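Trainee: need a structure here:
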Amino acid sequence: MTQESPGVRVSTLELFFDLVFVFTVTQLADVLAHHLTLSGLVDVMLVLFVVWWMYSGYAWLTNAVAPTTTGRRTLLLAGMAGFLVMALAIPDAFGDYGWLFGAGYLVVNIAHSVLFLQAGPAAVRMMRTLGPLNLLAALLVLAGGLLPEPWRHLCWLAAPLVQVAAGYLHPAEMHTISAGHFVERHSLVMIIAIGESVLAIGVGATGLELDGGLILAALLGLAVAYYLWWAYFADGDRSAEHVLAGADDPVRRAGLALNAWGYAHLPMLLGIVVTAVGIKKTLNDAFHALHWDAALALGGGVALYLAGHAIFLRLLKLPGASYRLVVAVLCLATAPLGHYLAIAQLGAVAVVLAAGAITEDIPRVRRAGLANAIGDFGRGA
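Mentor: The predicted structure follows:
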């Protein structure tokens, strides 16, 4: 079931919800900064997947069931409370507070299912499949918090597999998808998450002498965050919205929503987390050599973000994917420079991002100039 409602926009309560969700992103960046290892990265990926799955679930939910009544707002508040508990438990989600993370996740799932049942008969039929699978994933996460290793990680690995299956097994075409609201909701959470990179600048500068070098490094970090924004928002989100709105077939529209705004956004969010860690590590030691893990985090985080956005553009058949992939490779290639001097890598990443943006924008500027010239000629005639 599809629906086009251009006038439906994201409410302030939904934005409030997004702020609570992004706290989980902040917590993940902090965890990774303290455990910058391959196993630490895998744990962050597992947490991010299950958290993002349910955030996406709430984005689909409020797209169909606006929080316009006291009962709905109360249930949405319960979901926010669950996300907050999960975020607080994230630093020890694979330790003593795994059960607390799982309990919060279960609350998030239950509130989501109860709210979705208010979306009409089609939603009730859809939730007969989706609801139990979401609940199974939540119970696996909770069980992981209560069990010892290796069962803990096995449960955590099983939960995303159940969720991926749920995305394709339930009749997704029965979802009501208003393209304007759906795209705006994801755009807002992305801009808030990119702000995490700016927050990393402040955290990384805490307790350090505010000299010219630190200010330069902070400005370069801001430039990197700006070009993360540019990659996603430079052409606005209107093009993506038009593609989603133009998908008249319910199955295709649901598939685009799931793959482009669901799965393709995961590497972007993970890239933001890893980039934030890289920037923080760089500011802590701007004029010294970075360890390889920190240098790879800085270049690799940006590369991961750009690769995710390239997938997003390819799925929507929009231009720009090739530019992002080339820039991603170049950003990753700056890691040896960071192993020599931290601020040199930060500057190189900023320059590569700026050069990629300018190169991509030149044809668009020329087309715009040609269109204006033709328009002027027409008016003069």
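
Trainee: Which residue, other than its chain neighbours, is closest to residue 227?
Mentor: Nearest non-adjacent residue to residue 227, counting by CB to CB, 6 or more residues apart in numbering: residue 353, 3.6 Å away. In this view, the C-beta of every residue, glycine as well, is placed from N, C-alpha and C.

Trainee: where's that neighbour, which helix or strand?
Mentor: In the assignment (DSSP states H and E), residue 353 maps to helix 342-380.

Trainee: I'd like to know the average pLDDT value across that helix.
Mentor: When pLDDT is averaged over helix 342-380, the result is 75.

Trainee: so where's the stretch 51-200 of the chain uncertain?
Mentor: The model of the stretch 51-200 of the chain has no residue with pLDDT under 70.

Trainee: which stretches of it form helices?
Mentor: Ranges of helices in the stretch 51-200 of the chain, per DSSP state H, counting those that start in this stretch, are 70-89, 98-116, 121-146, 151-169, 179-205.

Trainee: Put together JSON lines for the ones you listed, with distance to residue 258 on each row.
Mentor: Formatted as JSON lines, those follow (distance: least, CB to CB, whole Å):
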{"stretch": "helix 70-89", "distance to residue 258": "20"}
{"stretch": "helix 98-116", "distance to residue 258": "16"}
{"stretch": "helix 121-146", "distance to residue 258": "12"}
{"stretch": "helix 151-169", "distance to residue 258": "5"}
{"stretch": "helix 179-205", "distance to residue 258": "11"}
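
Trainee: Can you pull the domain assignment for this protein?
Mentor: 12-176, 193-372 (automatic domain parsing).

Trainee: possible to save those domains as a markdown table with mean neighbour count?
Mentor: What follows is the domains of the chain, written out as a markdown table (neighbours: other CB atoms under 10 Å):
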| stretch | mean neighbour count |
| --- | --- |
| domain 12-176 | 19 |
| domain 193-372 | 20 |
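
Trainee: For residue 186, find the nearest of these.
Mentor: Closest approach to residue 186 among those is made by domain 193-372 (5.0 Å; CB to CB).

Trainee: tell me the contacts of the residue sitting nearest the centre point of the chain?
Mentor: The centroid of the chain falls nearest to residue 269 when counting by CA atoms, centre = their mean (3.3 Å). Residues in contact with residue 269 (CB atoms under 8 Å, 6 or more residues apart in numbering) are 25, 48, 52, 190, 193, 308.

Trainee: going on from the helix or strand hosting it, what's the next piece of helix or strand?
Mentor: In this assignment (DSSP H and E), residue 269 forms part of helix 265-284. The element immediately downstream of helix 265-284 (helix or strand, assigned by DSSP H and E) is helix 292-316.

Trainee: Please save the CA atoms from whichever helix or strand residue 219 is part of in PDB.
Mentor: Counting by DSSP H and E, the element that carries residue 219 is helix 212-233. Below are the C-alpha coordinates for helix 212-233, written out as PDB (Å, rounded to 0.1, in the frame of the first residue of the first chain):
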ATOM      1  CA  GLY A 212      47.300  27.700  16.900                       C
ATOM      2  CA  GLY A 213      48.000  24.000  16.000                       C
ATOM      3  CA  LEU A 214      44.900  22.800  17.900                       C
ATOM      4  CA  ILE A 215      42.700  25.400  16.300                       C
ATOM      5  CA  LEU A 216      44.000  24.400  12.900                       C
ATOM      6  CA  ALA A 217      43.300  20.700  13.600                       C
ATOM      7  CA  ALA A 218      39.800  21.600  14.800                       C
ATOM      8  CA  LEU A 219      39.100  23.600  11.700                       C
ATOM      9  CA  LEU A 220      40.300  20.700   9.500                       C
ATOM     10  CA  GLY A 221      38.000  18.400  11.500                       C
ATOM     11  CA  LEU A 222      35.100  20.800  10.800                       C
ATOM     12  CA  ALA A 223      36.000  20.800   7.100                       C
ATOM     13  CA  VAL A 224      35.800  17.000   7.000                       C
ATOM     14  CA  ALA A 225      32.400  17.000   8.800                       C
ATOM     15  CA  TYR A 226      31.200  19.600   6.300                       C
ATOM     16  CA  TYR A 227      32.100  17.500   3.300                       C
ATOM     17  CA  LEU A 228      30.400  14.500   4.900                       C
ATOM     18  CA  TRP A 229      27.300  16.800   4.900                       C
ATOM     19  CA  TRP A 230      28.100  17.900   1.300                       C
ATOM     20  CA  ALA A 231      28.200  14.300   0.000                       C
ATOM     21  CA  TYR A 232      24.700  13.600   1.300                       C
ATOM     22  CA  PHE A 233      23.000  17.000   1.000                       C
END
